[in-house]
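Chemist: any chance you can model this:
(chains A, B, C and D)
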Amino acid sequence: MEGRERILSRALSEIQAGMYVNLGIGMPTLIADRIPSDFGVMLQSENGLLGIGPYPNENAIDPDLINAGKETVSEIPGAAYFDSAESFAMIRGGHIDLAILGGMEVSETGDLANWMIPGKMVKGMGGAMDLVQGAKRTVVIMDHVTKRGDPKIRKACTLPLTGKAVVDCLITDLAVFQLKDGQLQLTELQPGSTLQDVRKKTEADFTIAPALQEA
Amino acid sequence: MEGRERILSRALSEIQAGMYVNLGIGMPTLIADRIPSDFGVMLQSENGLLGIGPYPNENAIDPDLINAGKETVSEIPGAAYFDSAESFAMIRGGHIDLAILGGMEVSETGDLANWMIPGKMVKGMGGAMDLVQGAKRTVVIMDHVTKRGDPKIRKACTLPLTGKAVVDCLITDLAVFQLKDGQLQLTELQPGSTLQDVRKKTEADFTIAPALQEA
Amino acid sequence: MNKVTPTIDSMIEQIHDGASLIVGGFGLCGIPEKLILGLRESGVRDLTVISNNCGVDDWGLGLLLENKQITKMVASYVGENKRFEQQFLSGELEVELVPQGTLAERLRAGGAGIPAFYTATGVGTPIAEGKEERVFNGRTYIMEKSITADYALVKAWAADPIGNLVYRKTARNFNPLAAAAGRKTFAEVESLVHTGALDPDQIHTPSVFVQSIFVGAGYEKRIERRTVAR
Amino acid sequence: MNKVTPTIDSMIEQIHDGASLIVGGFGLCGIPEKLILGLRESGVRDLTVISNNCGVDDWGLGLLLENKQITKMVASYVGENKRFEQQFLSGELEVELVPQGTLAERLRAGGAGIPAFYTATGVGTPIAEGKEERVFNGRTYIMEKSITADYALVKAWAADPIGNLVYRKTARNFNPLAAAAGRKTFAEVESLVHTGALDPDQIHTPSVFVQSIFVGAGYEKRIERRTVAR
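Modeler: Next comes the predicted model:
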């Protein structure tokens, strides 16, 4: 839980005032609550809502008002509803400033896999393949290693891809990477994490930002 | 005027109850007034209106409510407005039952030219190229010959085409042709017109419907 | 013009074994629940269903899956539908997984008479396999083809008798796209108003896309994830 | 978030010589008349303008044509605009004539991140020259490419401060498509309401597509063909 907290608070700093943002299903959705309301951030839900509000009170639950994770939500003033083609026109057309998505694996060249484990688990890609191609910036948040301790940041993804070279920024409980010249660069260590630790738990090769090398 | 009257009244009989119809700029627009109101016909205007009503009274003129010919019009109950992409989705997607358009030239294989005289006159094609490809049935109405008496139904169009083999039915002041097996077939003579007359004033080769041969 | 039918049977009996159906809705939100129940009742088989999701185990399209009425499913998300996942992984059900935006655009293209288009979505992934790749302005795209179907089944909030439809909040989702992409479109609606009562500036699906309307009563509108403010 | 600008100048001064502009409107209906007057005033030159029409001789985009500010025009209809027709036929003005539905779809594609699509419109005509032809399901189509531009200038009926737009009747036309296809979109509107006053189910252009809003007064809204009941 503390690791998750580090991830969420670092992810929050990616969001600037006035941005149009899509938060993926699962952990990314938890960021919504933390965005200062005076930021004027508009959250997009790919099922057809721009301007997601907080979870409703029990008596305000509306089955016609859900987010992409099928959770009941509310709308904020200035919200707009639209159909799925318009929703993905927004996404594919480069109108969404930022997408924050969960990940199963990220490769050292910024590939992302997050929709299927062959023979074992199929969730489907939903809107993820569109988001990683269409959003101006794609941030992936995930635990640095699996529950079994296996690396999730790989030389190459072993799972079917969601997109190739699409991860602009990767935030884990241990570190932050940015895609630079087509390769992951370690740019930040999370509080309490060491370079040695990150090296040990990362299969991928990565470069290290100058600022970190000096440290 | 009498010739025009014959064209319009024959064109009217193409329109059946419940149809969605697009009437082109110019002469086709004149058909609107003649459609029985109990037909429930919905007239589409490609600038974004389904359900064109009659010309408005002077005091009801609205600059935000025009037809594709830029004329002020009205809306009927059940009308809907939409943007130009949606309008042509209707047309291109085969949802409009019938388009009635004016013509400059029609070829013996059903080609239509109606948007430009090179070096002399450019009106632009507007929505005509979309209509002839998209409407379920395309009817062209025009005078049989030009004001100078030259044939407008040609072996091949001399003017830039609007569409190739797109004229399902051609109605002139002298005759009615249907496109059959890729060629014009004379199917009706207008009142007062003779086969000889039609032959003389038509450059195109055409077949003659069995019913007319017997007559 | 009056497209209202008093019972859903006149719609259901047209849908034959082997038919292809585009079904509106996202999750359980905005699904044509009466039409789905009618299909379940009718026992029609070998259906190809195009829909973003396949309901849940005991509601929505999941009912048809349970009854083995669906042979092929085109969808973007399996999610928590265990039966869908099982039938998919076992190969019992033919499944074409399509990215959600590509699914929306393929339906939109189908309704709009566009046979194919290019998108960057899916480039470099299993989705791109067997598809034409093409570079525009230095970026790689794949060609995707439009989807149409024998029937579209949609759910709207309100309709008038000639077939204009209005949807409510996120229940709109795929419904307008489905309505335009069906060769015949059947709409079930929560309320019927008289022709002229809907604001012409505010119609989501113009009447030309709708062939038949049924006014349902007592909509269940089940909720998949009831989340409330803490 | 407040995208309202008190004067139109902050929009106009961004538009540089040689810029490409998508301009909403059909004929004189729904044109951004204040922005066009501002451009005329500014004297900005060498504009590429994408718009269904080019106004009339003394109003709308015709004003920029008269002032020789437009180098290239992409349009579907010249119509009764004598100066447009003359400058076109003489070769003084570069003109790309595009079928109206293809123009609409190219703009829609531009806004939606679709680089190219296929359409049957124009097959076998001069419009098809130099374009890829391709057969789908036995029918021939041509490939058309999307359009985007530096700026989109649109006119709406009402807006809220964050940029949601609502259009009125046939003044909607190309405006929503333009709004999505401009890299920056400037909207002039007849009225401003507070954020939350527009029904979220009834917004035509969601705020994400709009970068700046100007509230104009005293719209002329000229009529091209005043036709009345006899």
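
Chemist: please make it C-alpha for all contacts and neighbour counts, starting now.
Modeler: Fine.

Chemist: can you tell me the strand partners of the helix or strand bottoming out on mean pLDDT in chain A and which way each runs?
Modeler: When the helices and strands of chain A are scored by mean pLDDT, DSSP states H and E, strand A:121-122 comes last with a mean of 78. Each strand paired with strand A:121-122, and its direction, by DSSP bridges: strand A:116-117 (antiparallel).

Chemist: which is the next helix or strand following the least confident helix or strand of chain A?
Modeler: helix A:128-134 (DSSP states H and E).

Chemist: that older thread, give me the contact list for the least confident helix or strand of chain A.
Modeler: Contact partners of strand A:121-122, identified using C-alpha atoms under 8 Å, 6 or more residues apart in numbering or on different chains, comprise A:115-116, C:78-79, C:85, C:89.

Chemist: how about the residues of chain A by chain D?
Modeler: Applying C-alpha under 8 Å from any C-alpha of the partner chain, we find that chain A lies next to chain D at A:18, A:20, A:39-40, A:50, A:76-82, A:86, A:88-96, A:134.

Chemist: the helix or strand of chain C with the lowest mean pLDDT near chain A anywhere?
Modeler: Across the helices and strands of chain C, mean pLDDT, DSSP H and E gives its lowest value to helix C:82-90, namely a mean of 86. Yes - Helix C:82-90 is in contact with chain A by C-alpha under 8 Å from any C-alpha, via C:85, C:89.

Chemist: and the helix or strand following that helix, what's buried?
Modeler: Proceeding N to C from helix C:82-90, the next assigned helix or strand is strand C:94-97, under DSSP H and E. Neighbour-count burial for strand C:94-97 flags C:94-95, C:97 (criterion: 16 or more other C-alpha atoms under 10 Å in any protein chain shown).

Chemist: residues touching residue C:11, list them.
Modeler: C:186, C:212.

Chemist: hmm, 7 Å instead?
Modeler: The contact partners of residue C:11, by C-alpha atoms under 7 Å, 6 or more residues apart in numbering or on different chains, come to residue C:186.

Chemist: name the SS class of it, please.
Modeler: State at residue C:11, reduced to three classes by DSSP: H, G, I helix; E, B strand; the rest coil: helix.

Chemist: look at it and report its pLDDT.
Modeler: Looking at residue C:11, its pLDDT is 98.

Chemist: name the SS class of residue C:64, please.
Modeler: helix.

Chemist: surely it meets residue C:38?
Modeler: No - judged on C-alpha atoms under 7 Å, residue C:64 makes no contact with residue C:38 at a distance of 10.3 Å.

Chemist: higher neighbour count, these two?
Modeler: Using other C-alpha atoms under 10 Å in any protein chain shown as the criterion, residue C:64 and residue C:38 rank with residue C:64 on top: 25 against 16.

Chemist: for the more buried one, what are its contacts?
Modeler: C:40, C:70.

Chemist: now for the helix or strand residue A:185 falls within, which elements pack on it?
Modeler: If you go by DSSP H and E, residue A:185 is part of strand A:183-189. Helices and strands touching strand A:183-189, by 3 or more C-alpha pairs under 7 Å, 6 or more residues apart in numbering or on different chains; DSSP states H and E, are strand A:175-180, strand A:207-208.

Chemist: brilliant, that's me finished.
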